[in-house]
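1. Got a sequence here, can you model it:
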Amino acid sequence: MAVTELTSATPDADPLSHSARLALRRVVMVAWLGIALGFAMEALILTVRFAAGSHPATTQVLIELAQGVTWSFFVCAGVSLGTAIAKVRASIGGLIGAIAAPLAMGIAKGTQKVMVSALDASAKPVILSLPTLGVLRAIEYGLLGWILASLASKEKPRPQQFMLAGALIGAVFGGGITVLTIETALAKDVALALPQAITTAVNEIVFPIGCSLVVYIALQVSRNMKFISAGAR
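-> Next up is the predicted model:
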């Protein structure tokens, strides 16, 4: 009898619950989709630059690609983690997003410095200080994480809702960061070419939309996996 009870209890001794495994898979999926988003954003930025008559050097493209992919990887994974565990309180998702954004930005800046050193290239002059940009990004992705966590808690969230949330956040904060960058460059008497100003706006406004869509895709795939797993039982 004791052996039978021990055997029946063994399957329950799983270090990770089923929901925790699904949440982990979602975050891993978002990380990969975040890498793809980083490449897509760099392709979009290069297209805009060429259309504006700018032809950046290959080394500069590689530096920006490494920075962009690193940023996209960490910030989207952080926001997704917030939506995955914030089932009871959406504010938890916002808090995780607010923490993830400055952290991702710092790691991305570190990656940029490594690439600049490795390629023996010259870094672009810093316009907005890292603390200023970090605070703005913390507020931006804190709000985005809170909104996406609220949407994810609904029974049938729609992709349009996620994209609209990203568009609103991108328009307000991305537009604000772009204007602040231009004004700061003028105040510092730093030459900010028109293609650079345009690509800054495109990156700041479009990226939150892409990140929101990435989180939605991972959410839907995770839910389908959950239903398939439940059916298999």
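2. How far off centre is stretch 171-180?
-> Distance of stretch 171-180 from the chain centroid (C-alpha atoms, centre = their mean, to the nearest Å) equals 17 Å.
3. Actually, stretch 68-75.
-> Worked out by C-alpha atoms, centre = their mean, stretch 68-75 lies 6 Å from the chain centre.
4. show me where the chain has helices.
-> Here the chain has its helices, by DSSP state H, at 2-9, 18-51, 58-85, 90-118, 130-152, 159-169, 175-187, 194-232.
5. Could you provide the ones you listed in JSON lines, with additional columns for mean pLDDT?
-> Shown next, in JSON lines, are these (pLDDT from 0 to 100):
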{"stretch": "helix 2-9", "mean pLDDT": "44"}
{"stretch": "helix 18-51", "mean pLDDT": "84"}
{"stretch": "helix 58-85", "mean pLDDT": "87"}
{"stretch": "helix 90-118", "mean pLDDT": "82"}
{"stretch": "helix 130-152", "mean pLDDT": "91"}
{"stretch": "helix 159-169", "mean pLDDT": "95"}
{"stretch": "helix 175-187", "mean pLDDT": "90"}
{"stretch": "helix 194-232", "mean pLDDT": "80"}
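6. Return the most buried member of the ones you listed.
-> The highest mean neighbour count among the helices of the chain, using mean count of other C-beta atoms under 10 Å, belongs to helix 58-85: a mean of 23. To be clear about C-beta, it is placed using only N, CA and C from the backbone, and glycine gets the same treatment.
7. Direction-wise, compare that one with helix 159-169 and give the angle.
-> On the basis of axes from the mean of the first three to the mean of the last three C-alpha atoms, to 10 degrees, helix 58-85 is oriented at 120 degrees to helix 159-169.
8. OK, contacts around Ile99?
-> 78, 138 (C-beta atoms under 8 Å, 6 or more residues apart in numbering).
9. how about the residue nearest the centre of the chain, what does it touch?
-> Among the residues of the chain, the one closest to the centroid is Cys76, at 2.6 Å (C-alpha atoms, centre = their mean). Each residue near Cys76 by C-beta under 8 Å, 6+ apart is listed here: 30-31, 33-34, 37, 211, 214-215.
10. closest to Ile169 among those residues?
-> Cys211 (9.4 Å; C-beta to C-beta).
11. Roughly how far does the nearest residue to the closest one once chain neighbours are set aside sit from Ala31?
-> Using C-beta to C-beta, 6 or more residues apart in numbering and skipping the chain neighbours, the partner closest in space to Cys211 is Cys76 (4.8 Å). Distance of Cys76 to Ala31, given as C-beta to C-beta, to the nearest Å: 7 Å.
12. cool, and Met115?
-> Where Ala31 is concerned, Met115 sits at a distance of 20 Å (C-beta to C-beta).
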